[in-house]
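Visitor: sequence and predicted structure are below.
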Amino acid sequence: RDIVRLEDARKIYVMGAEEVRALAGVSISFERGSFWAIMGPSGSGKSTMMNVLGCLDRLTSGAYYLDGKDVSQLDDDSLSELRLSYLGFIFQSFNLIPQLTVQRNIELPLYYLGWDAARSAQRAKELAEVVGLGGRLNHRPTELSGGQMQRVAIARALTNDPQIIFADEPTGNLDSATGEQIMELLDNLNGQGKTIIMVTHEPDIAAHARSRLHMMDGLIDRIETETHETDQPH
Ligand code: ADP
Ligand code: ADP
């Protein structure tokens, strides 16, 4: 079953007398376990698409099925509950809380999910190991490199064992070698079955995705998908 399905998705911003069609009727499905890069020029609708798929924003019309459930009419509280229990987010600017240690940053979603302190601490330690930061639990973000900060953000995104990881320009603030390391981590997570949806301008970064969706003027311009070997005719 598809983890994500948009049907004639439209997002229209009304600004005075003007209408901006940020999504102008998009229909697409993403399979569970797929890895998508969303590309396209500035203003083509990438952020809007991410915000809708990530349950941060609602469509003006059309349907959004998340894991088979139509979520397009849900209210803000239900959307935020979905995000917290079901989705993980990684951003270009890492979005860590500077006053909190690595451990506390990673634990934050679990705090909101009501986990007790001991269980949260255990989970944070496990995830710090997964992203290669086991020795840095008591550091603060300012004591880390950009790549390490993004690793913390990835660990935080994994706390709730999300169905989908959304990555918005995840390497945008990193040098290319560090960016490649972060992409390797995302490749590994995808290899373990996580669905990943990423926005990027960089072809080298997009090359890590197994499918690429190019947006133009609020519509899908074209799609490149790597064919799975099992799909080849014998
Ligand atoms: P991209 O991420 O590809 O740069 P966006 O999704 O941010 O594209 O924007 C698509 C179009 O929608 C642009 O014309 C943008 O100006 C417009 N837009 C995006 N968000 C808003 C908003 N909150 N209010 C009005 N117009 C918006
Ligand atoms: P990026 O494409 O780098 O993510 P954008 O400029 O598209 O950045 O969008 C940054 C934020 O500003 C988004 O949350 C988007 O919804 C909002 N935004 C974009 N264009 C407009 C606009 N014309 N009016 C109001 N908000 C906008």
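Guide: In hand now; what should we look at? Ligands and ions are numbered 1, 2, ... in the order given.
Visitor: check which helix or strand covers residue 181.
Guide: helix 176-191 (DSSP states H and E).
Visitor: can you show me the helices along the chain?
Guide: With DSSP state H as the criterion, the chain has helices at 46-53, 76-86, 102-112, 117-130, 146-158, 176-191, 203-206.
Visitor: can you list the residues of the protein near ligand 2?
Guide: With C-beta under 6 Å from any ligand atom as the criterion, the chain comes near ligand 2 at residues 42, 46, 47. C-beta coordinates here come from the backbone N, C-alpha and C atoms, glycine included.
Visitor: which of those residues are buried? Put it as a ChimeraX command.
Guide: Entered in ChimeraX, the line below selects the buried ones among the residues of the chain next to ligand 2, by 16 or more other C-beta atoms under 10 Å:
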select :46,47
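Visitor: what is the nearest of the residues of the chain next to ligand 2 to residue 55?
Guide: Lowest distance from residue 55 to the residues of the chain next to ligand 2 (C-beta to C-beta) belongs to residue 47, with 14.2 Å.
Visitor: spatially nearest residue to the closest one (excluding sequence neighbours)?
Guide: Nearest residue to residue 47, sequence neighbours excluded (C-beta to C-beta, 6 or more residues apart in numbering): residue 199, at 7.1 Å.
Visitor: and what of residue 209?
Guide: residue 37 (3.7 Å).
Visitor: ok, so what distance separates that neighbour from ligand 2?
Guide: Distance of residue 37 to ligand 2, given as C-beta to the nearest ligand atom, to the nearest Å: 14 Å.
Visitor: what's the answer for residue 5, then?
Guide: 23 Å.
Visitor: give the bridge partners for that residue, please.
Guide: Beta bridges link residue 5 to residue 29, residue 65, judged by DSSP bridges.
Visitor: give me the angle between the helix holding residue 181 and helix 146-158.
Guide: On the basis of axes from the mean of the first three to the mean of the last three C-alpha atoms, to 10 degrees, helix 176-191 is oriented at 20 degrees to helix 146-158.
Visitor: so where's this protein uncertain?
Guide: 227-234 (pLDDT under 70).
Visitor: what bridges to the residue sitting nearest the centre point of it?
Guide: Nearest to the geometric centre of the chain sits residue 166, at 0.3 Å (C-alpha atoms, centre = their mean). Here residue 166 sits in beta bridges with residue 89, residue 197, going by DSSP bridges.
Visitor: contacting residues for it?
Guide: 50, 53, 54, 87, 88, 89, 90, 197, 198 (C-beta atoms under 8 Å, 6 or more residues apart in numbering).
Visitor: follow-up on the earlier one: what sits against the residue nearest to residue 47?
Guide: Counting by C-beta under 8 Å, 6+ apart, residue 199 makes contact with 37, 38, 39, 46, 47, 49, 50, 167, 168, 169.
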